[in-house]
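Asker: dropping a prediction and its sequence here:
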Amino acid sequence: MLKLRKLGKTDLMISPIGLGCWQFAQGKGLFGNTWGIVGDEEVREIVRISLDGGTNWFDTAEGYGGGQSERALARALKSLAVRPEDVVIATKWLPLFRRAASLRKTIDDRLAALGGYPISLHQVHTPHSLSTTRAQMEAMADLVEAKKIHHVGVSNFSAAKMRLAHDELGRRGIPLASNQVRYSLLDRSIERNGILEAARELGISIISYSPLAQGILTGRYHENPSLIKTKPGFRKYLSSFRAKGLEKSRPVVEALREVAAKHGRTPAQVALNWLVHFQGQTVVAIPGATKAPQAQENAASQAFALTKDEMDYLDRVSAGAK
Ligand SMILES: NC(=O)c1ccc[n+]([C@@H]2O[C@H](COP(=O)([O-])OP(=O)(O)OC[C@H]3O[C@@H](n4cnc5c(N)ncnc54)[C@H](OP(=O)(O)O)[C@@H]3O)[C@@H](O)[C@H]2O)c1
């Protein structure tokens with residue numbers, strides 16, 4: 001039986017691996033075309049296979065196609081007859097060019113998009129906004145008190161902004177549950193910029209996004225560098241997917257392969273397992289998937305254990321990563 005862990009200081013019990021649902025944006029909205037269109041049948045299969053693998057939570061956002069991802073997720077859960085009380089759903093408010101008042105104005109749209117599934121965690125997607133962190137946390141606290149959402153998180157917040165959000169919510173007796181940030185074996189900046197340390201100190205969970213470095217840590221793009229040219233969206237323009245970038249990440253991928261072979265696992269599974277164990281219970285991860293077998297592989301990454309030596313080895317090999 002998979003061991004669940006607490007999200008921050010809340011009563012929410014979640015699997016170490018959740019499912020990232022940006023991939024369900026249906027090609028719409030800002031960066032919506034990053035993953036092309038994942039049809040309803042595939043979404044259903046991805047969700048089903050994730051649940052089967054022990055994943056009990058899903059991360060979506062208003063910004064993922066203006067509600068397309070939330071709706072696709074809700075359709076899939078409904079068609080699988082999943083009861084609202086059996087899943088944890090995290091969504092996000094898009095603060096760009098908006099004031100905190102829009103949190104109160106848009107919450108019913110979010111709830112409608114989720115079609116009866118509750119918002120277990122509502123997150124401020126980015127600190128860039130026309131309003132202050134204080135005003136945003138006041139609005140979030142109002143939503144908790146109005147029972148529109150259960151818990152509050154932030155995303156892409158620096159250590160200082162995260163502390164501020166924690167303090168502001170604290171005045172209303174509400175814990176800041178999480179900060180969703182980029183964290184992987186190829187991007188360990190939160191270990192150096194104070195975010196991880198502050199999260200530990202305050203009992204805030206880190207939700208790692210892009211935990212597979214958008215596919216690089218699977219090793220697929222090292223095996224076949226021209227694969228990226230067949231993909232929609234902006235990844236093909238990133239230096240990390242070009243020949244030089246792939247050479248830079250190759251030692252980490254090779255180390256993942258080596259450890260994976262010992263466990264009869266894949267590099268992606270080892271990368272995810274490292275992420276959710278190396279920092280104790282603080283970090284959970286939300287890999288995305290465009291195909292059901294990817295989701296199956298990712299969910300199964302929570303069902304085995306790396307040794308301390310293996311985790312330390314990966315720590316050393318990836319220490320030079322960004
Ligand atoms: N808060 C934020 O600002 C923010 C930003 C980014 C993401 N997120 C969240 O984090 C989630 C995950 O991040 P992400 O999508 O950027 O990156 P990711 O999870 O590192 O990579 C996902 C992509 O990698 C490939 N992949 C995944 N598992 C695989 C496997 N087992 N084998 C082979 N390929 C696999 C798939 O793409 P291909 O098949 O096309 O290679 C998949 O779409 C998102 O869905 C979203 O919920 C949040």
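Answerer: Arrived safely.
Asker: any idea how far the ligand is from the residue nearest the centre of the chain?
Answerer: Centroid-nearest residue in the chain, with C-alpha atoms, centre = their mean: Ile286, separated by 3.4 Å. Going from Ile286 to the ligand by C-beta to the nearest ligand atom, to the nearest Å gives 5 Å. Using the backbone N, CA and C atoms, a C-beta is placed for each residue, glycine as well.
Asker: contacts only, for that residue.
Answerer: Ile17, Gly18, Leu19, Gly20, Asp59, Gln180, Ile207, Ser208, Tyr209, Pro211 (C-beta atoms under 8 Å, 6 or more residues apart in numbering).
Asker: redo that, cut-off 7 Å
Answerer: For Ile286, the contact set (C-beta atoms under 7 Å, 6 or more residues apart in numbering) comprises Gly18, Leu19, Gly20, Asp59, Ile207, Tyr209, Pro211.
Asker: what's the burial count for the residue of the chain found nearest the ligand?
Answerer: Nearest residue of the chain to the ligand: Gly20, at 2.4 Å (C-beta to the nearest ligand atom). For Gly20, the neighbour count with other C-beta atoms under 10 Å is 28.
Asker: got the contact list for it?
Answerer: Asp59, Tyr209, Ile286, Pro287, Gly288.
Asker: surely the second one and Ser184 touch.
Answerer: Read it as Tyr209. No - applying C-beta atoms under 7 Å as the test, Tyr209 and Ser184 come out as separate, 8.9 Å apart.
Asker: run through who's touching stretch 269-283.
Answerer: Residues contacting stretch 269-283 (C-beta under 7 Å, 6+ apart): 5, 16-17, 183-185, 196, 199-200, 205-206, 208, 211-212, 217, 256, 259-260, 284-285, 287, 297-298, 300-301, 304, 306, 311, 314-315.
Asker: ok, 8 Å please
Answerer: Taking C-beta under 8 Å, 6+ apart as the rule, stretch 269-283 contacts 5-6, 16-17, 183-185, 196, 199-200, 205-208, 211-212, 217, 256, 259-260, 263, 265, 284-285, 287, 297-298, 300-302, 304-306, 310-311, 314-315.
Asker: those, buried ones only, as a PyMOL selection?
Answerer: Applied in PyMOL, the following selects the buried portion of these according to 16 or more other C-beta atoms under 10 Å:
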select buried, resi 5+16+17+183+184+185+196+199+205+206+207+208+211+212+217+256+259+260+265+284+285+287+297+298+300+301+302+306+310+311+314
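Asker: of the contacts of stretch 269-283, which belong to helices?
Answerer: Members of the contacts of stretch 269-283 lying in helices (criterion: DSSP state H): 196, 199-200, 256, 259-260, 263, 297-298, 310-311, 314-315.
Asker: give the rounded mean pLDDT of stretch 227-241.
Answerer: Stretch 227-241 shows a mean pLDDT of 94.
Asker: any bit of it sitting next to the ligand?
Answerer: Yes - contact between stretch 227-241 and the ligand, assessed by C-beta under 6 Å from any ligand atom, occurs at Lys231.
Asker: list the buried residues of that stretch.
Answerer: Ile228, Lys231, Gly233, Arg235, Ser240, Phe241.
Asker: equivalent analysis for stretch 84-102, please.
Answerer: Val87, Val88, Ile89, Ala90, Thr91, Lys92, Trp93, Leu94, Pro95, Arg98, Ala100, Ser102.
Asker: could these go into CSV alongside pLDDT, secondary structure and distance to the ligand?
Answerer: Converted to CSV, the buried residues of stretch 84-102 look like this (pLDDT from 0 to 100; DSSP: H, G, I helix; E, B strand; the rest coil; distance: C-beta to the nearest ligand atom, whole Å):
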residue, pLDDT, secondary structure, distance to the ligand
Val87, 98, coil, 15
Val88, 98, strand, 14
Ile89, 98, strand, 12
Ala90, 99, strand, 9
Thr91, 98, strand, 10
Lys92, 98, strand, 7
Trp93, 98, strand, 12
Leu94, 96, coil, 10
Pro95, 96, coil, 11
Arg98, 97, coil, 16
Ala100, 97, coil, 18
Ser102, 97, helix, 18
